[in-house]
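[1] no FASTA, just this:
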Ligand SMILES: NC(=O)C1=CN([C@@H]2O[C@H](COP(=O)(O)OP(=O)(O)OC[C@H]3O[C@@H](n4cnc5c(N)ncnc54)[C@H](O)[C@@H]3O)[C@@H](O)[C@H]2O)C=CC1
Ligand SMILES: O=C([O-])CC(=O)C(=O)O
């Protein structure tokens with residue numbers, strides 16, 4: 001039996017748990033959960049039978065094969081560092097945290113020394129398989145254009161001083177590099193960091209708030225010496241959390257399911 005611990009019992013953590021329970025992810029059990037929100041943690045524990053943990057420290061001491069971080073960019077350092085030092089593989093959803101080069105290198109070293117893995121799912125975008133291969137040539141430009149409904153961007157827009165009710169037509173609310181993008185939209189643009197890590201090249205990012213949009217759209221363009229890639233996904237948002245695309249949770253489910261597969265498809 002493959003044993004999982006989950007930090008963050010929101011949309012993604014709960015979805016992964018449901019896919020364990022319905023057998024989409026086979027021979028697996030969610031054995032421990034932690035969330036700073038007690039109600040969410042109790043709800044997921046009730047659903048899965050998992051132990052309620054008092055802290056990340058408490059969770060990583062359990063007998064686990066994998067820790068899933070599905071909490072927030074700010075949670076990543078503690079969850080990943082403690083998982084790896086306690087000899088657990090870790091899957092990170094809040095990939096945005098890894099825009100910090102020092103943290104990236106620290107976790108990479110910890111994983112190497114512990115003989116453990118850090119898994120970064122493709123999340124809400126596509127094309128990373130091809131981009132990783134293209135990276136072996138020369139990458140010239142990496143672009144991500146994200147369009148989301150206004151309510152999906154609401155928290156970040158309010159922090160940036162937008163009056164969201166005044167947005168009546170599509171507005172470019174951000175244009176800049178991946179470093180600024182994840183700072184200003186920490187719960188919306190983790191994919192720009194995953195993309196930049198896969199390409200080993202900093203993405204240029206544009207974010208559009210569209211009051212008429214119903215889907216989370218991500219357009220990825222990569223220009224390289226090997227060729228040009230254009231991938232566009234139009235994702236159904238999660239009902240429980242409109243900031244998050246359903247594809248992001250499905251990609252984590254697929255990654256965990258594939259860990260046990262003898263044949264690996266794609267790069
Ligand atoms: N890589 C990707 O493509 C994507 C990544 N994400 C990221 O994945 C993460 C999870 O997303 P959702 O499940 O949709 O979010 P959510 O908001 O539905 O759930 C997050 C849960 O984590 C808990 N939490 C937050 N900080 C915590 C901490 N420091 N310690 C313990 N619990 C904490 C919250 O109380 C909440 O219950 C977010 O950081 C989100 O930005 C979301 C979509 C796509
Ligand atoms: O789910 C999405 O569409 C993308 C997202 O929130 C993120 O990358 O943080």
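    Okay, I see it. Worth saying up front: this structure is predicted, and the values here are computed from it rather than measured. Ligands and ions are numbered 1, 2, ... in the order given.
[2] get me the contact residues on the stretch 151-267 of the chain for ligand 2.
    187, 188, 189, 190, 191, 216, 235, 243, 244, 245, 248 (Cβ under 6 Å from any ligand atom). (Each C-beta comes from the backbone N, C-alpha and C, glycine too.)
[3] in the residues you listed, find the pair that's most separated.
    Greatest spatial distance among these (Cβ to Cβ): 187 and 235, at 15.0 Å.
[4] ok so, going back, which of the residues of the stretch 151-267 of the chain next to ligand 2 are close to ligand 1?
    Near ligand 1, by the rule Cβ under 6 Å from any ligand atom, you find 187, 190, 191, 244, 248 out of those.
[5] tell me who's in contact with the first one.
    Each residue near residue 187 by Cβ atoms under 8 Å, 6 or more residues apart in numbering is listed here: 72, 73, 155, 156, 243.
[6] now do it, the pLDDT please.
    According to the prediction, residue 187 has pLDDT 94.
[7] need the contact partners of the lowest-mean-pLDDT helix or strand in the chain.
    Every helix and strand in the chain was compared by mean pLDDT, DSSP states H and E; the lowest is helix 150-159, with a mean of 95. Under the contact criterion Cβ under 8 Å, 6+ apart, helix 150-159 has outside partners 164, 167, 173, 184-188, 207, 209-211, 216, 237, 242-243.
[8] swap the cut-off to 6 Å and go again
    164, 167, 185, 188, 209, 211, 242, 243 (Cβ atoms under 6 Å, 6 or more residues apart in numbering).
[9] which among the residues you listed count as buried?
    Among the contacts of helix 150-159, those classed as buried by 16 or more other Cβ atoms under 10 Å are 167, 185, 188, 209, 242, 243.
[10] which of these fall within strands?
    residue 209 (DSSP state E).
[11] most widely separated two among the buried ones among the contacts of helix 150-159?
    Spanning the widest gap among those are 167 and 243, at 16.0 Å by Cβ to Cβ.
[12] return the member of the contacts of residue 187 nearest to residue 195.
    residue 73 (15.7 Å).
[13] would you confirm that that closest one contacts residue 97?
    Yes - at 4.6 Å, residue 73 counts as touching residue 97 under the criterion of Cβ atoms under 6 Å.
[14] in the least confident helix or strand of the chain, what counts as buried?
    150, 152, 153, 154, 156, 157.
[15] from ligand 2, how far off is the first one?
    Residue 150 sits 14 Å away from ligand 2 when distances are taken as Cβ to the nearest ligand atom, to the nearest Å.
[16] next, residue 37: phi, psi?
    Dihedral pair for residue 37: phi -90, psi 110, per degrees, to the nearest 10.
[17] show the pLDDT at it.
    pLDDT for residue 37: 98.
[18] now it: how far from ligand 1?
    4 Å.
[19] what sits against residue 19?
    Counted by Cβ under 6 Å, 6+ apart, residue 19 has contacts 25, 253.
[20] can the helix or strand containing it be found next to ligand 2?
    According to DSSP states H and E, residue 19 maps onto helix 11-21. No - Helix 11-21 lies apart from ligand 2 when judged by Cβ under 6 Å from any ligand atom; the minimum separation is 9.1 Å.
[21] pull the residues that contact the next helix or strand after that helix.
    Per DSSP H and E, helix 11-21 leads on to strand 28-34 as the next helix or strand towards the C-terminus. Strand 28-34 has contacts (Cβ under 6 Å, 6+ apart) with 1-7, 9, 17, 20, 41, 44-45, 48, 50-51, 53, 59, 62.
[22] end-to-end on stretch 205-222?
    End-to-end span of stretch 205-222 (Cα to Cα, to the nearest Å): 12 Å.
[23] scratch that, stretch 163-174
    15 Å.
[24] what's the answer for stretch 159-170, then?
    Note: stretch 159-170 ends 19 Å apart using Cα to Cα.
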